[in-house]
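Asker: Compute the structure for the input listed below.
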Amino acid sequence: MKDKTEKAKERHIPAPSVESIRDLILEAKKKAYAETDHEPEPELTSAVEWPITCTVGPGLEGAIACESKVGYVNGSKGWLIYRGYDIFDLCAYSTFEETSYLLLHGRLPSQAELTEFTTSLRERMFIPQTQRLMLSFPVETMNPMSALRLGTNLMRQKQTYRDTDTEADLKVGEILATDDDSIPMETRPPGKKNPVFEFLTGLFKRVHPASEDALVGSDEIESCYNLIAGVASVAATIGRTRAGRIPLEPLPEYGLAGNYLYMVTGRRPTALEERIMDISLILHADHGMNASTFASMVVASTLSDIYLAIGAGISALSGPLHGGANVEVVKMLAEIGDPSNVKKWFRETTAAKKKVMGFGHRVYKAYDPRARILGPISALLTENDETRRKTYATAVALEDAVVSELGAKKIFPNVDFYSGIVYSAMGIPQELYTTIFAVSRVAGWCARVVEYLENNRIFRPRAMYTGTFDETYVPPSER
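Answerer: As a prediction, this is how the structure comes out:
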């Protein structure tokens, strides 16, 4: 009889390469394109003539708030586009740094620009002053998203002068003139000729001296770079602190994804792990006018600074209806326990009218393209670990059961269904999953904030009053 070691050797499959990951993504793209046509929605992909008439549901669903060139989601066809580039191609060929540059600047960088940008982000991940401040708080017992919001605000304290007693001349009258309430709704806001966060001039502390030909040319973009890099370091610091260990510094040989993995786990990631984390960050970088993006834009529209705007995005993401579903998926799969238990569990769950986590989406009525990519990656990452392989097999069995039952109702796996399996396989604790979402989405938040402020109009929706009129005031003694 063969011993367990021999059986394990027989089961072992050589680790996939970075190139095989690319092939896997391109195969997912081929499958996705075979299931849909290639025409965008004409009513949602053209310039707007304000005012616009649209059908609006509760929670502003269906409302058109602005124009954007940053990203596009077509839920009926399962599309996710960043600045014209398909998410499958970006995940196959790009990096998170390159994708972030694309989102912020509207174009792919040259090789020299990409090298400078990547180096700049790595340097900006070094935030010892913010980390020291964080350690003066009980981060190890805080909700990780609360700690992330705290860390972002502490970055603001160390990287700007906004909270000092000395206030610069903010030219408030000039700023207000850019968004006067007297502007009729059919008139496009004039915006500002100079950088959109011009009012921060003189308040910003540059981390590195800028040369005349530096990549960075304005204060608000400097802040975006600091946030993209710094939020990753803050998230890693939270993970290390919760594990009872000291924060780590970024290493020069890794990009942002690799350094995040190193700084949170304490071990040097393999090239494959770094690439998969890179892909995971690309997948979450932007996703239309979701709640956290809208929250960031609303705060920024008041001309509050971008650190507080990103803090608002983190706050929105911390809600269970927006972030954290992948944690619940992992817990659900652990509860099911084995592929053989899926049918019984699913039958009982649907009979009790309980939600099956990781399925369905507010926007997607087709297979989520992010899940198309993360599903096969989950299979590769779990192949050589018996426990994780069983978890993945359980997920596949559950997907088969749900889609066969509810696929006609356009219920398919969403991004959260497989992302938790991917993170778990790379040694990331469950409580940090939502912070990874923020580490990625900060790029999209920043891009949309900067874009919107070019023609800023403070958000001011209305509520339908359904209260009473002509109430008579009665003194407290007579009530």
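
Asker: List the contacts of Tyr433.
Answerer: Gly324, Asn326, Val327, Ser419, Gly420, Tyr423 (C-beta atoms under 8 Å, 6 or more residues apart in numbering). Heads up, the C-betas are built off the backbone N, CA and C, glycines and all.

Asker: Make sure it is indeed in a helix.
Answerer: Yes - under DSSP: H, G, I helix; E, B strand; the rest coil, Tyr433 falls within a helix.

Asker: Roughly how far does it sit from Asn326?
Answerer: According to C-beta to C-beta, to the nearest Å, Tyr433 and Asn326 sit 5 Å apart.

Asker: go on, Glu19?
Answerer: 27 Å.

Asker: same check, this time on Pro250
Answerer: 25 Å.

Asker: Looking at those two, which has the bigger crowd around it?
Answerer: The neighbour count for Pro250 versus Asn326, taken as other C-beta atoms under 10 Å, is higher for Asn326 (27 against 24).

Asker: Quick check: that one touching Gly420?
Answerer: Yes - the pair Asn326 / Gly420 is scored as a contact, 3.7 Å apart, by C-beta atoms under 8 Å.

Asker: Strands of the stretch 301-450 of the chain, start to end?
Answerer: Counting by DSSP state E, counting those that start in this stretch, no segments of the stretch 301-450 of the chain form strands.

Asker: low-confidence ranges in it?
Answerer: Within the stretch 301-450 of the chain, no stretch has pLDDT under 70.

Asker: give me that answer again for 90
Answerer: Of all residues in the stretch 301-450 of the chain, those with pLDDT under 90 make up the ranges 302-306, 319-326, 355, 360-366, 383-385, 405-411.

Asker: And stretch 333-345, what's buried?
Answerer: Going by neighbour count (16 or more other C-beta atoms under 10 Å), the buried part of stretch 333-345 is Leu333, Ile336, Pro339, Val342, Trp345.

Asker: Check the offset of it from the chain's centre.
Answerer: 30 Å (C-alpha atoms, centre = their mean, to the nearest Å).

Asker: now do stretch 328-342
Answerer: For stretch 328-342, the distance to the chain centre is 26 Å (C-alpha atoms, centre = their mean).

Asker: and the end-to-end length of that stretch?
Answerer: 16 Å (C-alpha to C-alpha, to the nearest Å).

Asker: And the helices in the stretch 251-400 of the chain?
Answerer: 256-265, 271-284, 291-301, 306-317, 325-336, 342-351, 369-382, 386-406 (DSSP state H, counting those that start in this stretch).

Asker: The last one packs against which elements?
Answerer: Meaning helix 386-406. For helix 386-406, the packing partners by 3 or more C-beta pairs under 8 Å, 6 or more residues apart in numbering; DSSP states H and E come out as helix 325-336, helix 342-351, helix 369-382, helix 415-425.

Asker: now that helix against helix 342-351, angle please.
Answerer: 50 degrees (axes from the mean of the first three to the mean of the last three C-alpha atoms, to 10 degrees).

Asker: cool, and the first one?
Answerer: With the same axes, to 10 degrees as the criterion, the two stretches helix 256-265 and helix 342-351 enclose an angle of 90 degrees.

Asker: next one: the fourth one
Answerer: Direction vectors for helix 306-317 and helix 342-351, defined by the same axes, to 10 degrees, enclose an angle of 100 degrees.

Asker: Val73 should be in a helix, yeah?
Answerer: No - assigned with three-state DSSP, Val73 falls outside any helix and is strand.

Asker: Name the nearest residue to it, sequence neighbours excluded.
Answerer: Distances taken as C-beta to C-beta, 6 or more residues apart in numbering place Gly288 nearest to Val73, at 4.3 Å, with adjacent residues excluded.

Asker: still on that earlier bit, would you turn the helices of the stretch 251-400 of the chain into a markdown table with distance to Val439?
Answerer: What follows is the helices of the stretch 251-400 of the chain, written out as a markdown table (distance: least, C-beta to C-beta, whole Å):
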| stretch | distance to Val439 |
| --- | --- |
| helix 256-265 | 6 |
| helix 271-284 | 7 |
| helix 291-301 | 13 |
| helix 306-317 | 10 |
| helix 325-336 | 14 |
| helix 342-351 | 32 |
| helix 369-382 | 16 |
| helix 386-406 | 23 |
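
Asker: Ala438: which of those is closest?
Answerer: Comparison of the helices of the stretch 251-400 of the chain against Ala438 by C-beta to C-beta identifies helix 306-317 as nearest, at 5.4 Å.

Asker: Which other helices and strands does that closest one contact?
Answerer: helix 144-159, helix 219-242, helix 291-301, helix 433-453.

Asker: which other residues reach the strand or helix carrying Thr115?
Answerer: Per DSSP states H and E: Thr115 is located in helix 111-124. Helix 111-124 is contacted by residues 95, 97-98, 100-101, 109, 207-208, 215-216, 225-226, 228-230, 250, 252, 254-256, 259 when judged by C-beta under 8 Å, 6+ apart.

Asker: Give me the buried subset of those.
Answerer: 95, 97-98, 100-101, 109, 207, 215-216, 225-226, 228-230, 250, 254-256, 259.

Asker: Kindly provide the distance from Leu317 to Val73.
Answerer: From Leu317 to Val73 the distance is 17 Å (C-beta to C-beta).

Asker: any idea of the mean pLDDT in stretch 138-147?
Answerer: When pLDDT is averaged along stretch 138-147, the result is 96.

Asker: Any idea how far it is from the middle of the chain?
Answerer: That offset, for stretch 138-147, works out to 19 Å (C-alpha atoms, centre = their mean).

Asker: Compute the first-to-last residue distance for it.
Answerer: 9 Å.

Asker: swap in stretch 36-47?
Answerer: First-to-last residue span, stretch 36-47, C-alpha to C-alpha: 25 Å.

Asker: List the buried residues for that stretch?
Answerer: So, applying 16+ other C-beta under 10 Å, stretch 36-47 has no buried residues.

Asker: Now do it, average pLDDT.
Answerer: 76.

Asker: who's in contact with it?
Answerer: In contact with stretch 36-47 (C-beta under 8 Å, 6+ apart) are residues Glu67, Tyr72, Asn74, Ser76, Lys77, Gly78, Trp79, Ala366.

Asker: let's go with 7 Å and repeat that
Answerer: By C-beta atoms under 7 Å, 6 or more residues apart in numbering, the surrounding residues in contact with stretch 36-47 are Glu67, Tyr72, Asn74, Lys77, Gly78, Ala366.

Asker: Confirm that Thr466 sits in a strand.
Answerer: No - going by three-state DSSP, the assignment for Thr466 is coil, not a strand.

Asker: List the backbone torsions phi and psi for it.
Answerer: phi -120, psi 20 (degrees, to the nearest 10).

Asker: is it fair to say Ile81 lies in a strand?
Answerer: Yes - counting by three-state DSSP, Ile81 falls inside a strand.

Asker: Just the pLDDT at it, thanks.
Answerer: pLDDT, read off for Ile81, is 95.

Asker: Tyr72 is in contact with that one, correct?
Answerer: Yes - when contacts are counted by C-beta atoms under 7 Å, Ile81 is listed as touching Tyr72 (4.2 Å).

Asker: what sits against Leu227?
Answerer: Ile306, Tyr307, Ile310, Val442, Cys446.

Asker: which residues touch the first one?
Answerer: Going back to what we said before, that points to Ile306. Contacts of Ile306 (C-beta under 7 Å, 6+ apart): Phe197, Glu220, Ser223, Cys224, Leu227, Ala300, Cys446, Val449.
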